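J.: Structure of the sequence below:
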Amino acid sequence: MNEILQSEETLEDDSINPALRPQYLSEFAGQGAIKQNLGTFILAAKQRNESLDHVLLSGPPGLGKTTLASIIAKELDSEIRITSAPALEKPKDLAGILTTIPEFGVLFIDELHRLRPAIEELLYTVMEERALDWIIGQGPAARTIRIPLPKCTLVGATTRPGAVSEPMRNRFGINFRLQYYTDAELEQILARSADLLSIEVEPNAYKRIAESSRGTPRVANRLLRRIRDIAQVAGHHRLTLDVIERALNALEIDKNGLELQDKVILKKIIQHFNGGPVGVQSIAIAIGESQDSIEQYYEPYLIRKGFLQRTSKGRIATAAAYELLGEEKEMLHSEQRNEDQQTFL
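T.: Numbers count the residues shown, from 1 in each chain. The predicted structure is shown next:
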């Protein structure tokens, strides 16, 4: 059971100190519309003495899906059980969790898109009828018994909502997609984290860290801790703008918030694939990185910053990428060169 039920720290690999994670909606920065609507739905459910409808949270990694699930349980004055879809291998794994969940409790399943079909089928009855259909015996002697469950809320999280089956997706009464955070929102998060970690930061220096955080609180908090480490060893007890700048240089993060691996990806596309288009699989093989990492972590930021384009034929490096890396873009694409050759002949 310990392998099936996981802590928040196991699921959120940013190794955040538990004290940094917001406990209530009032402490959660950003995602204003989601917070307001979620607060309304929770209050309405409590007033009716009902369980909150099932909630689907989607969006890129590190935006706070696990944190929001924990907040939902706190706001409902109940408990949360946390697991992930890959950990639920057999129906008995799910049954073991559901039969111990308290009234109005929350079951959080991360990576919902990776649910096994047998587990998903079992969840349908759980979500619709608050019951667990369990098969006893085998062959002709097999029979199904229905085990009633306490009122509870399933919170599912996924980075790939399109990969969640339609029958499963339709059973969630509340569906939220988390968006990337603005620099101003990240500054609020950084200021709160610095206060909780007793890190002294120059007020105007938060912006520089926020700009390098890829719109993601997980990255922002990680950068804050690493900058603190570098500053501490260098003998600096206050994070000034100059100290932060030098720390970011040591971490190989530039003024655009690009990491070394971001530039490796762009350089490979330009130098080895003539600027593209090239498939993500080829890029992954060329740089020795997993395809999921490129698609979920590196590519979204490169596209948002205007260094990469995603087309039906593959990924293409933009003029901004050439300028960033100091590469000279060929004046003519291969198609144009072929046309010129045909004209000449």
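J.: Going by residue numbers, what spans are helices in the stretch 101-250 of the chain?
T.: 117-129, 166-170, 183-196, 206-211, 217-233, 241-250 (DSSP state H, counting those that start in this stretch).
J.: and these, which is most packed in?
T.: Scoring the helices of the stretch 101-250 of the chain by mean neighbour count under mean count of other Cβ atoms under 10 Å gives helix 206-211 as the most buried, with a mean of 22. (Glycine included, C-beta is placed from N, CA and C.)
J.: mean confidence for that helix?
T.: This predicted structure assigns helix 206-211 an average pLDDT of 93.
J.: ok, residues contacting stretch 119-134?
T.: Outside stretch 119-134, the residues that touch it by Cβ atoms under 8 Å, 6 or more residues apart in numbering are 54, 85, 88, 91, 93-95, 98-99, 115, 144-152, 154, 165, 167-168, 171.
J.: Buried only: go through those for me.
T.: The neighbour-count test (16 or more other Cβ atoms under 10 Å) applied to the contacts of stretch 119-134 identifies 54, 85, 88, 91, 93-95, 98, 115, 149, 151-152, 154, 168, 171 as buried.
J.: and Glu323, that one's in a strand?
T.: No. Under DSSP: H, G, I helix; E, B strand; the rest coil, Glu323 falls outside any strand and is assigned helix.
J.: Can you get me a residue count around it?
T.: By the measure other Cβ atoms under 10 Å, the count of residues near Glu323 is 12.
J.: Please tell me the pLDDT value assigned to the closest residue to Thr311 other than its chain neighbours.
T.: Nearest residue to Thr311 in three dimensions, chain neighbours excluded: Pro277, at 5.7 Å (Cβ to Cβ, 6 or more residues apart in numbering). Turning to Pro277, the model gives it a pLDDT of 91.
J.: can you pull out the strands in the stretch 1-150 of the chain?
T.: In the stretch 1-150 of the chain, strands defined by DSSP state E, counting those that start in this stretch lie at 55-58, 80-84, 105-110, 131-136, 143-148, listed in chain order.
J.: what do you get for the stretch 201-345 of the chain?
T.: Under DSSP E, counting those that start in this stretch, the stretch 201-345 of the chain gives strands at 238-239, 308-311, 314-317.
J.: Okay, now the sheet partners of the second one, with direction.
T.: Paired with strand 308-311 in the same sheet, following DSSP bridges, are strand 314-317 (antiparallel).
J.: list the buried ones in the partner strand?
T.: Counting neighbours by 16+ other Cβ under 10 Å, one finds that the buried residues in strand 314-317 are 314-317.
J.: with these in mind, which one is nearest to Gly39?
T.: Within the buried residues of strand 314-317, distances to Gly39 taken as Cβ to Cβ reach their minimum at Arg315, with 39.8 Å.
J.: What's the separation between the closest one and Thr125?
T.: Distance from Arg315 to Thr125, counting by Cβ to Cβ, to the nearest Å: 43 Å.
J.: remind me which residues of the stretch 101-250 of the chain are low pLDDT?
T.: Within the stretch 101-250 of the chain, the ranges that satisfy pLDDT under 70 run 136-143.
J.: will you turn the strands of the stretch 1-150 of the chain into TSV that also has distance to Glu211?
T.: Below are the strands of the stretch 1-150 of the chain laid out as TSV (distance: least, Cβ to Cβ, whole Å):
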stretch	distance to Glu211
strand 55-58	26
strand 80-84	32
strand 105-110	29
strand 131-136	49
strand 143-148	52
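J.: contacting residues around the residue at minimal distance from the centre of the chain?
T.: Computing the C-alpha centroid of the chain and ranking residues by Cα atoms, centre = their mean puts Pro61 first, at 1.3 Å. Residues touching Pro61, when contacts are defined by Cβ under 8 Å, 6+ apart, comprise 159, 216, 218, 296-297.
J.: And for Phe28, the neighbour number?
T.: Counted with other Cβ under 10 Å, the neighbours of Phe28 add up to 20.
J.: Over to the one 5 residues further on?
T.: The burial metric for Ala33, expressed as a neighbour count using other Cβ under 10 Å, is 9.
J.: With Ala87 instead?
T.: One way to gauge burial is a neighbour count; for Ala87, by other Cβ under 10 Å, it gives 20.
J.: Next, find the distance separating it from Ile97.
T.: Ala87 is 10 Å from Ile97, by Cβ to Cβ.
J.: How about Pro117?
T.: Counting by Cβ to Cβ, the gap from Pro117 to Ile97 is 18 Å.
J.: What does the residue nearest to Thr67 when sequence neighbours are not counted show for phi and psi?
T.: Closest residue to Thr67 in three dimensions, ignoring its sequence neighbours and counting by Cβ to Cβ, 6+ apart: Arg21, at 5.3 Å. Note on Arg21: backbone dihedrals following degrees, to the nearest 10 are phi -80, psi 130.
J.: Thr99 now?
T.: Main-chain torsions, Thr99, degrees, to the nearest 10: phi -80, psi -10.
J.: For it, which residues are in contact?
T.: The neighbourhood of Thr99, defined by Cβ under 8 Å, 6+ apart, consists of 132, 147, 149.
J.: cutoff 10 Å now
T.: 132, 134, 147, 149-150 (Cβ atoms under 10 Å, 6 or more residues apart in numbering).
J.: right, and Arg171 touches Val55 too?
T.: No. With contact defined as Cβ atoms under 10 Å, Arg171 does not reach Val55; the gap is 11.2 Å.
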